[in-house]
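Engineer: the following comprises the amino acid sequence and a computationally predicted model.
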Amino acid sequence: MFILTIFTPAYNRAHTIGRTYESLCRQTCKDFEWLIVDDGSSDNTRALVEGWMKENKIPIRYIYQQNQGMHGAHNTAYRNIETELNTCIDSDDYMPDDAVDKIITFWKRNGSNRYAGLIGLDRTEDGKIIGTKFPENMNSTTLYGFYARGGKGDKKLVYRTEVIRQYPEYPLFDGERYVSLGYKYQLIDQDYELLTMNESLVVVEYQADGSSRNMYKQYWNNPKGFAFIRKADMKLMPGWKRKFRACIHYVSSSLRAKNKYFISESPLPLATLLAFIPGFILYKYTEYKVKSDKKFKLKHE
């Protein structure tokens, strides 16, 4: 039995996933298996993976499903993982050659049932760390606690499979393909901390935040998913400022979803009522951004 499962959700990424595969073949420690969840690809992802399985360089499991979005692929992965630890490597990212060795060595030395797992660093191809490192005196933290104390940037999460299965799956909404992966992480944060590891565990093709067109398109196309996570934020986020901001976004997403019962369904109905006007403004602004983006694309095609 391996210690680590590296799982990769893939949707029409045949042109990038080969780099992920090659990096796993180069790992100095082979105590892992690769689980690929093909989320309804129509390209030649399946043929590529079948070829790699025949090469037999590393253990690979392949699961195909109808397209559900990233969160649906995570649900499927968590149901099928059999190892103590797991981590997700996206199909356009790859791991440094010694990443698996670092994860397993660190966990064997420091891990215990007190922790949900460990959290490491992302970096770019030129070696630049994404965001900030962990402070030297921070041996463990919750994910959102790290950001609340000024931490920045995406981080690589390695969870105990036993822990990840204690919490509900991501919900699936008809016609939508997005629910924030942070939902599970928020729930885990209520009960466990993560060990911190100031080591690069993944190399990412980082695109700076600020791609507002994509952000607003996500808001517009997945209102039920966003309303769901905003309700979770109202319950779990510390501080009234963050809770009220969640109320504003909840109003916006609920208006887009045409949910006339959203105030009564809110965990904070009074705050949601107070957030109605700024939420309505955000709804109209999101609509404007999405429509202006469509006009921009039509103009430049």
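Structural biologist: Yep, that arrived.
Engineer: which stretches in the stretch 51-200 of the chain count as strands?
Structural biologist: 60-64, 85-88, 115-123, 140-141, 155-160, 193-203 (DSSP state E, counting those that start in this stretch).
Engineer: and those strands: which comes nearest residue 257?
Structural biologist: Closest approach to residue 257 among those is made by strand 85-88 (27.9 Å; Cβ to Cβ). Glycine gets a C-beta too; all of them are placed from N, C-alpha and C.
Engineer: about what we covered before: residue 221: which of the strands of the stretch 51-200 of the chain is closest?
Structural biologist: If you check each of the strands of the stretch 51-200 of the chain against residue 221 by Cβ to Cβ, strand 85-88 wins as the nearest, at 22.6 Å.
Engineer: CA atoms only: put the closest one into PDB for me.
Structural biologist: Provided in PDB are the C-alpha atoms of strand 85-88 (Å, rounded to 0.1, in the frame of the first residue of the first chain):
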ATOM      1  CA  LEU A  85      -2.400  11.000   2.400                       C
ATOM      2  CA  ASN A  86      -3.700  12.800  -0.800                       C
ATOM      3  CA  THR A  87      -2.900  15.900  -2.700                       C
ATOM      4  CA  CYS A  88      -4.300  17.400  -5.900                       C
END
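Engineer: quick revisit: output the strands of the stretch 51-200 of the chain as JSON lines; include the columns mean pLDDT.
Structural biologist: Listed next are the strands of the stretch 51-200 of the chain as JSON lines, based on pLDDT from 0 to 100:
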{"stretch": "strand 60-64", "mean pLDDT": "98"}
{"stretch": "strand 85-88", "mean pLDDT": "98"}
{"stretch": "strand 115-123", "mean pLDDT": "98"}
{"stretch": "strand 140-141", "mean pLDDT": "98"}
{"stretch": "strand 155-160", "mean pLDDT": "98"}
{"stretch": "strand 193-203", "mean pLDDT": "97"}
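Engineer: report the contact partners of the residue lying closest to residue 196 once chain neighbours are set aside.
Structural biologist: Excluding its sequence neighbours, the residue lying closest to residue 196 (Cβ to Cβ, 6 or more residues apart in numbering) is residue 134, at 4.1 Å. Residue 134 is in contact with 119, 141, 146, 151, 196, 197, 198, counting by Cβ atoms under 8 Å, 6 or more residues apart in numbering.
Engineer: in the residues you listed, find the pair that's most separated.
Structural biologist: Farthest pair in the contacts of residue 134 (Cβ to Cβ) is 151 and 197. Separation: 13.7 Å.
Engineer: for the top helix by length along the chain, which positions count as buried?
Structural biologist: Longest helix in the chain, counting residues (DSSP state H): helix 276-300. Neighbour-count burial for helix 276-300 flags 276, 278, 279, 282, 283, 286, 287, 289, 290, 293 (criterion: 16 or more other Cβ atoms under 10 Å).
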